[in-house]
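> below are the sequence and a predicted model; questions follow.
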There are 4 protein chains.
Amino acid sequence: MATNKYDEIAQAAITLFNRKGYHATSVQDIADEVGLQKGSLYHYINSKEELLLEIATKSINGFCRELEAVCEQASTAQEKLERAIYHHFDIVIGHLEMTTVLLREAFFLSDDQHKLIKDANDRYLNLWVQIIQEGIDTHEFRGEDPRLTALSILGSCNWVYRWYKADGKKSPQEIARYFCDLHLLGVLNR
Amino acid sequence: MATNKYDEIAQAAITLFNRKGYHATSVQDIADEVGLQKGSLYHYINSKEELLLEIATKSINGFCRELEAVCEQASTAQEKLERAIYHHFDIVIGHLEMTTVLLREAFFLSDDQHKLIKDANDRYLNLWVQIIQEGIDTHEFRGEDPRLTALSILGSCNWVYRWYKADGKKSPQEIARYFCDLHLLGVLNR
Amino acid sequence: MATNKYDEIAQAAITLFNRKGYHATSVQDIADEVGLQKGSLYHYINSKEELLLEIATKSINGFCRELEAVCEQASTAQEKLERAIYHHFDIVIGHLEMTTVLLREAFFLSDDQHKLIKDANDRYLNLWVQIIQEGIDTHEFRGEDPRLTALSILGSCNWVYRWYKADGKKSPQEIARYFCDLHLLGVLNR
Amino acid sequence: MATNKYDEIAQAAITLFNRKGYHATSVQDIADEVGLQKGSLYHYINSKEELLLEIATKSINGFCRELEAVCEQASTAQEKLERAIYHHFDIVIGHLEMTTVLLREAFFLSDDQHKLIKDANDRYLNLWVQIIQEGIDTHEFRGEDPRLTALSILGSCNWVYRWYKADGKKSPQEIARYFCDLHLLGVLNR
DNA sequence: CATGAATGAGTTTTCATTCAT
DNA sequence: AATGAATGAAAACTCATTCAT
């Protein structure tokens, strides 16, 4: 991993923000973690807040990118929804710390910066809404409020960051499958 | 509102923690909000953290109390689950600010105090798990992992605090009904 | 002991000043100790500092009074010095807490008030100096600097408040006798 | 005095603690004295209390070090005792402010830290006790309780910090000699 | 006599950020 | 690139004292 220094710093920040929260993590903590002096960090970052913004941005962009790929590749709405759920789980669990920072800490950005994340979150939500809407249009799915349906599924799948532990009985894939079943039963027309 | 001073302070804290987050809210902010000097607050509270703990405790206890009542009164598992969802929505939306403090800010308590909230959250989750388990036992519900089912539904219903706006097209009751339908379809045996 | 309230308060203050020091003892601590509210204390005292001043004054006055009595009653300088030492021990050990407040805490009075105590201390010292001087004049004692002699003996006897423990092997009287011997050998002409 | 910054801070603290006492000296006072901002002090110290601990530790260690050297070099108990008294005076008067901090302010350390100083003080006392004991064993000294003898002499010599003024008629050496005479007469066998 | 709410100045400490070296 | 000294504003909390009831 020939990571560069900035990535090292970002990773340290993710770990620490995840463990203690953004506010409780000092710039000194991050510096200690990467073995630099506090002042030296500022060669790589402009501010602690920008670091948080960049982490959150990278995280939400990852979610969007995956889902856009899914939408392009899958054919039916059902297939899209299934793969959307699987990919969401992949990221949440595969990048649990970063996802936690996105979902728990981005709120503490200043209004302007928080707006950027909120907008990106909305774009991501809209991708889900479009999938549901498409399913309703093709009569694959029931329901008449695709946004509410999307919020229900997405909330359920996001909440995972709050309870998932790697040492559980079920593998991430099994959990994803279980959730996928539940949600599809909720939306599929029969 | 001739409430007593402590309640006024707690309400101010809820409003501010909700608006800016626990860390970004200073004791001075709370004092300003209730029209006291900073030092005078300490006649009513022992510390800012204890104030947060008390708010979170009151909130989670409210959830538990309601659900226990539901479990005693309703007969079938389906009825319990439906009413659990409705009551959960009632509280989340009826006390949106306090719920937000519980779900977003309790994490920032120190370990000992956070533990108290986590334990109460687990008790609440277990009530849901028991309902699902009971439904599986009576063959009302499908599924073989009641905890995962509960986490899916609860996550979906908790997430509401992050997107609900009072000015939406649907009333809280309609949203609750919509979610209830989705989740029941996901779990009901047919 | 039909002590009045003020004496109760003074005694509580002595105990607490002795245990934690004047600065580390809050008015609240004293109020708690006597079972009053903080505000109620101020019916009996004018300020925390005045309370300290009164304790210290009472203490040093006690030392002076005893020594003046000794000087009037005893005949020879040797007898006076012996009884001065015994009486000093009587007070230091009999009122260990109050003496500790005098010797350790009076310094923390404001300049004006501290001056009052310093002056009283000087008067007490002068009584010792007079005894030594008298002994030198009558050739009972050796030495040519009665003030230094007095300071040596008094320092030795004052220091007792810092190490005396009631559970020691020797009784207060035995300690006094031991010290008396040492100091008399130091000053007596042979 | 191109001393380093920490020493400057410690010296400022010694001066201020000496003048006003530990509690009455604020971190701001110390910062003002060395021409730094309050916050900048914390590059050099961890806390005000640790600063006091370090001053007191350095002080008592100085006393111990000197006395250990004396014990190694001097031959007879009498010689040791004489030199112990001279060295004690050297330090008390040569470092009057630091000694004052040790003897008057160390009490205000928290229990754990105060214990460290008390233990060091006990070690110092024990060196005196050993000297006296040795003199008793060799029949140089009279007395049967070397600890009491040591406490008497040490108390007398410590008390000096409370009355010594540089503008007195006698030089420090003359005072030391005077005290030495007094105490030796008290303990020497004849 | 007693209360307890309220004050307001004070305390120690933290911390993101800057900058000369 | 890296340091580490310095800043200055802000934080939570304490406390002696006052006073209306």
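That came in fine, so what should we check first?

> quick check: phi and psi at the most centrally placed residue in chain A.
Taking CA atoms, centre = their mean as the criterion, residue A:99 is the residue nearest the geometric centre of chain A, at 4.6 Å. Phi and psi for residue A:99, reported as degrees, to the nearest 10, are phi -60, psi -40.

> ok, it touching residue A:91?
Yes: look at residue A:99 against residue A:91 with CB atoms under 8 Å: they come within range, at 6.6 Å. In short, each C-beta sits where N, CA and C put it, glycine included.

> contact partners for the residue of chain A found nearest chain D?
Residue of chain A nearest chain D, by CB to the nearest CB: residue A:38 (11.0 Å). Contact partners of residue A:38, counting by CB atoms under 8 Å, 6 or more residues apart in numbering or on different chains, are A:27, A:28, A:31.

> try it again at 10 Å.
A:26, A:27, A:28, A:29, A:30, A:31, A:32 (CB atoms under 10 Å, 6 or more residues apart in numbering or on different chains).

> need the nearest residue in space to it, chain neighbours excluded.
Leaving aside its chain neighbours, residue A:38 sits nearest to residue A:31 (4.6 Å; criterion: CB to CB, 6 or more residues apart in numbering or on different chains).

> in a helix, the one you found, correct?
Yes: the assignment for residue A:31 (DSSP: H, G, I helix; E, B strand; the rest coil) places it in a helix.

> how is chain A divided into domains?
Following automatic domain parsing, one finds the domains of chain A at A:1-45, A:48-187.

> per-residue pLDDT, the closest residue to DNA strand F within chain A?
Closest approach between chain A and DNA strand F, counting by CB to the nearest atom of the strand: residue A:39, at 1.8 Å. In this prediction, residue A:39 carries a pLDDT score of 95.

> next, it: phi, psi?
With angles defined as degrees, to the nearest 10, residue A:39 sits at phi -60, psi -30.

> near it, how many other residues are there?
Residues lying near residue A:39 (other CB atoms under 10 Å in any protein chain shown) number 9.

> what residues are up against it?
Per CB under 10 Å, 6+ apart, neighbours of residue A:39: A:27, A:31.

> then the one 4 residues further on?
The contact partners of residue A:43, taken as CB under 10 Å, 6+ apart, are A:5, A:6, A:9, A:36.

> closest to residue B:107 out of these?
Ranked by distance to residue B:107 (CB to CB), the contacts of residue A:43 are led by residue A:9 at 23.4 Å.

> quick check, the helix or strand that contains the closest one touching chain B?
Per DSSP states H and E: residue A:9 is located in helix A:5-20. Yes: applying CB under 10 Å from any CB of the partner chain, one finds helix A:5-20 touching chain B at residue A:20.

> let me see the mean pLDDT of that helix.
What helix A:5-20 shows for mean pLDDT is 97.

> buried ones in it, by neighbour count?
A:8, A:9, A:10, A:11, A:12, A:13, A:14, A:15, A:16, A:17, A:18 (16 or more other CB atoms under 10 Å in any protein chain shown).

> as TSV, those with distance to DNA strand E would be great.
Listed next are those as TSV, based on distance: CB to the nearest atom of the strand, whole Å:
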residue	distance to DNA strand E
A:8	18
A:9	12
A:10	14
A:11	18
A:12	13
A:13	11
A:14	16
A:15	15
A:16	10
A:17	11
A:18	16
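
> which one of these sits closest to residue C:181?
The closest of the buried residues of helix A:5-20, once distances to residue C:181 are taken by CB to CB, is residue A:16, at 68.2 Å.

> right, and the closest one touches residue A:23 too?
No: under the criterion of CB atoms under 10 Å, residue A:16 makes no contact with residue A:23, lying 11.3 Å away.

> phi and psi next, for residue A:102.
Main-chain dihedrals, residue A:102, degrees, to the nearest 10: phi -60, psi -50.

> scratch that, residue A:95
Phi and psi for residue A:95, reported as degrees, to the nearest 10, are phi -130, psi 60.

> which ones are touching it?
Counted by CB under 10 Å, 6+ apart, residue A:95 has contacts A:14, A:58, A:59, A:62, A:63, A:101, A:102, A:161.

> point out the residues in chain A that sit beside DNA strand E.
Contacts of chain A with DNA strand E, taken as CB under 7 Å from any atom of the strand, map to A:24, A:25, A:26, A:27, A:28, A:38, A:39, A:42, A:47, A:48, A:49.

> same thing but 6 Å
Contact residues, chain A versus DNA strand E (CB under 6 Å from any atom of the strand): A:26, A:27, A:28, A:38, A:39, A:42, A:47, A:48, A:49.

> count of residues packed around the third one?
Other residues lying near residue A:28 total 11 when counted by other CB under 10 Å.

> the helix or strand hosting it to helix A:5-20, inter-axis angle?
Per DSSP H and E: residue A:28 is located in helix A:27-34. With axes from the mean of the first three to the mean of the last three CA atoms, to 10 degrees as the basis, helix A:27-34 and helix A:5-20 are set at 120 degrees to each other.

> other residues contacting helix A:27-34?
Counting by CB under 10 Å, 6+ apart, A:5, A:8-13, A:15-17, A:19-20, A:25-26, A:36-42, A:44-45, A:47-48, A:51 sit against helix A:27-34.

> against chain C, how distant is residue A:59?
As judged by CB to the nearest CB, to the nearest Å, residue A:59 and chain C stand 49 Å apart.

> close enough to count as contact, that residue and residue A:66?
No: counting by CB under 10 Å, residue A:59 does not reach residue A:66; the two are 11.5 Å apart.

> shared neighbours of these two, anything?
Residues within reach of residue A:59 and of residue A:66 at once, by CB under 10 Å, 6+ apart, are residue A:91.

> so between the two, which is more surrounded?
residue A:59 (23 against 19).

> so that one belongs to a helix, correct?
Yes: if the criterion is three-state DSSP, then residue A:59 is within a helix.

> which residues sit in contact with it?
By CB under 10 Å, 6+ apart, the neighbours of residue A:59 are A:14, A:91, A:95, A:97-103, A:106, A:117, A:120.

> thinking again about what came up before, filter the contacts of residue A:95 to the buried ones?
Buried subset of those (neighbour count, 16+ other CB under 10 Å): A:14, A:59, A:62, A:63, A:101, A:102, A:161.

> for those residues, work out which two are farthest apart.
A:14 and A:63 (15.5 Å).

> joint contacts of residue A:99 and residue A:91?
A:59, A:62, A:63.

> how far away is residue A:81 from chain B?
Using CB to the nearest CB, residue A:81 is found at 13 Å from chain B.

> count of neighbours near that residue?
For residue A:81, the neighbour count with other CB under 10 Å is 27.

> excluding chain neighbours, give the residue nearest to it in space.
residue A:131 (5.4 Å).

> that neighbour: helix or strand, and which one exactly?
Counting by DSSP H and E, residue A:131 is part of helix A:111-137.

> after that helix comes which helix or strand?
Following helix A:111-137 toward the C-terminus (DSSP H and E): helix A:146-158.

> ok, then the element right after that following helix?
helix A:160-163.

> for that following helix, which positions count as buried?
Quick answer for helix A:160-163 (16+ other CB under 10 Å): A:160, A:161.

> quick one on the thing from earlier: if I read this right, the residue nearest to the centre of chain A contacts residue A:58, doesn't it?
No: with contact defined as CB under 10 Å, residue A:99 and residue A:58 do not form a contacting pair (11.0 Å).

> so what sits against both of the two?
residue A:14.
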